[in-house]
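Participant: quick one, structure for this:
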Amino acid sequence: MAFQLLPQPKRASNFSRRQFIYVIGADDGRWKIGVSHQPKSRLRELQTGHPGLLRIAFVANSNHKRPSAVEAFAHNLLRDCRRVGEWFQCELHEAIAAVERARIAADDGTSKRYRTQPRKVSLREMQAVSEAMWIERETWGRR
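Facilitator: As a prediction, this is how the structure comes out:
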């Protein structure tokens, strides 16, 4: 009897799965900025090695082809606050602002041209982003 190999089913590419960029941390001012397909699962993974109670402070859908580039740009913006690895000692609003600036820079392409300084963001843009962020967070929480 001859065995016949069946074709392997194609795996979904990483780009077809939704990825989220998140800020996870504790109230001690240490925040981790990262990318994950499942932020809640990532929170549980991080919690096992952290003595304090962690929480998801911010999460946003990443519509970019390379969410890790947005993450790296946010890390670069907070380089002066870096403690260990991807953990930063800063105010929560600073971490969220760095993520939002990185997302805006990735949208308009300035992250490729300027590694350290994205374009200046107007107050109106930041208010629009803030409103979208809360709408996105509410939507994400229902899933």
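Participant: C-alpha only now, for contacts and for neighbours.
Facilitator: Will do.
Participant: lowest-scoring secondary structure element of the chain by mean pLDDT?
Facilitator: When each helix and strand of the chain is scored by mean pLDDT, DSSP states H and E, helix 110-113 comes last, with a mean of 52.
Participant: could you pull out the strands in this protein for me?
Facilitator: Ranges of strands within the chain are 19-25, 30-36, 55-62, 87-89, based on DSSP state E.
Participant: pLDDT of the first one, averaged?
Facilitator: For strand 19-25, the mean per-residue pLDDT is 93.
Participant: neighbouring strands - and their directions - for that strand?
Facilitator: Neighbouring strands of strand 19-25 in its sheet, by DSSP bridges, are strand 30-36 (antiparallel), strand 55-62 (antiparallel).
Participant: in a markdown table, list the strands of the chain along with distance to A105.
Facilitator: Formatted as a markdown table, the strands of the chain follow (distance: least, Cα to Cα, whole Å):
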| stretch | distance to A105 |
| --- | --- |
| strand 19-25 | 15 |
| strand 30-36 | 17 |
| strand 55-62 | 13 |
| strand 87-89 | 21 |
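Participant: any idea which of these has the lowest pLDDT on average?
Facilitator: Here the lowest mean pLDDT among these goes to strand 55-62, at a mean of 89.
Participant: just the C-alpha atoms of that one, please, in PDB.
Facilitator: Extracted in PDB, the C-alpha atoms of strand 55-62 (Å, rounded to 0.1, in the frame of the first residue of the first chain):
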ATOM      1  CA  ARG A  55      -4.200  46.200  34.500                       C
ATOM      2  CA  ILE A  56      -4.800  47.000  30.900                       C
ATOM      3  CA  ALA A  57      -4.700  50.800  30.900                       C
ATOM      4  CA  PHE A  58      -5.000  51.300  27.100                       C
ATOM      5  CA  VAL A  59      -5.600  49.200  24.100                       C
ATOM      6  CA  ALA A  60      -6.100  50.100  20.400                       C
ATOM      7  CA  ASN A  61      -6.600  48.200  17.300                       C
ATOM      8  CA  SER A  62      -3.400  48.400  15.100                       C
END
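Participant: appreciated, that's everything.
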